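*Asks:* I'd like to go over a predicted model; first the sequence, then the structure.
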Amino acid sequence: MSGRAKRAGFYFLTLVIVFFSLLPFLWFLDTSLKTQREVTATPPELFPSGSLHSYQSAIEQYNLLHYVKNSIIVAGATTLITLIISVFAGYALARLRIKYKGVIMGSLLLVSMFPQISIAGPVWKILQSFGWLNTYQGLILPYVTLTLPLGVWILTSFFKELPEELEKAARVDGCSHFQALFKIIVPLAAPGVFTAAILIFIYAWNEFFFALLIMTQQKYQTLPVGIALFQGQYTMPWGEIAAASTVATVPLVLLVFLFQKRIIRGLSAGAVKG
C-alpha cells in the first residue's frame, strides 16, 4: 500500500471517529432547531426547519440564563482559585527540595481517584456545619479540592521543563522569588497554565453530582442541574432540553477547537526529556 493510500485511510478513519464522537451533539443541536411537531414526529424528521422556539422557551419559561450565570460564577471562581494555589504548589514541588516529594505527588493522584459518592457524606456534613449549603462558596470549595490535583500535576511538569538558570539570572538582577515566579516563570509556563485553566473550567462547568447534592434551591443551581430538572406539564420538553444542552456545550467545544494546540502541549509537558 502506497504512502498516499495510507494517509487517505488514516484521514478517513479519523473523520469517522470524529463524526461518531460528535453525533450526540449534532443530534441535540438538530433537535433544538425543530418545532414541537417536528420533535415528536413519527418517523423522526432528520432536517429541522430552523425554528428558535425551543431557545426562546428555554430562556423565558425555564430560566436558562439564570443557570448559565450560576455556572459562570462557580466555574470561573473555581478556575481562578485552583490556578492560584496550583501555581504556588507546582512551583514548590518543581523547584524546592522537599522531603517525600514523590509521596506528595502520589497522594494528590490518589485523592483525585476517590469516587464522588464515597466523600459525599463528609462533604455535605462539613458544608452544613459552615452554613454553606445552597451557597456559591459551598460548591466552589469541593470543586477546588477535586480539581487541585490536576492543576498541580500539569504545572509541576511544566515548571520542571523550564531551566533554573532563568531564575538565577533574575535573582542576580535583583528579583525576589515571587518576582521571578510571576515575571519570568509563569509567563514562560503560559501554555501549561492555560491548559490547566481550560480543563478545570470544563470540569466545574459540567459537574453534576455535587451540584445536585449541595444546591437544592433553584436560586443557586448550575446549568447541568437546571437542565436535568426541566419538566413539562404532560411530556418532557425535549426541544428545550436540547436547546439548553446546546448552550451548555457550544462554549466548551469552541474553547477546545480554538486552543487545541496549547491543550495538547500542556498535557504532554514532561513526557519527553530533551
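*Replies:* Sure, I can see it.
*Asks:* Chain neighbours aside, what residue packs nearest to the spatially most central residue of the chain?
*Replies:* Centroid-nearest residue in the chain, with Cα atoms, centre = their mean: residue 202, separated by 1.2 Å. Leaving aside its chain neighbours, residue 202 sits nearest to residue 252 (5.7 Å; criterion: Cβ to Cβ, 6 or more residues apart in numbering). In this view, the C-beta of every residue, glycine as well, is placed from N, C-alpha and C.
*Asks:* ok so, going back, okay but the residue nearest to the centre of the chain is in contact with residue 251, surely?
*Replies:* No. Applying Cβ atoms under 8 Å as the test, residue 202 and residue 251 come out as separate, 9.7 Å apart.
*Asks:* coming back round to it: packing partners of the strand or helix carrying the residue nearest to residue 202?
*Replies:* If you go by DSSP states H and E, residue 252 is part of helix 238-258. Applying 3 or more Cβ pairs under 8 Å, 6 or more residues apart in numbering; DSSP states H and E, one finds that helix 238-258 contacts helix 3-32, helix 36-39, helix 53-60, helix 64-95, helix 190-206, helix 223-228.
*Asks:* Try it again at 6 Å.
*Replies:* Here helix 238-258 is seen to pack against helix 3-32, helix 53-60 when contacts are counted using 3 or more Cβ pairs under 6 Å, 6 or more residues apart in numbering; DSSP states H and E.
*Asks:* from the middle of its chain, how far away would that helix be?
*Replies:* Put simply, helix 238-258 sits 13 Å off its chain's centre (Cα atoms, centre = their mean, to the nearest Å).
*Asks:* contact partners of that helix?
*Replies:* 25, 28-29, 31-32, 39, 54-55, 57-58, 62, 64, 198, 202, 223, 227, 230 (Cβ atoms under 6 Å, 6 or more residues apart in numbering).
*Asks:* any low-confidence regions in the chain?
*Replies:* For the chain, the stretches flagged by pLDDT under 70 are 1-2, 232-234, 265-274.
*Asks:* Swap in 90 and give it another go.
*Replies:* Counting by pLDDT under 90, the chain shows low-confidence ranges at 1-12, 14, 18-28, 35-51, 91-118, 153-154, 156-195, 230-238, 250-274.
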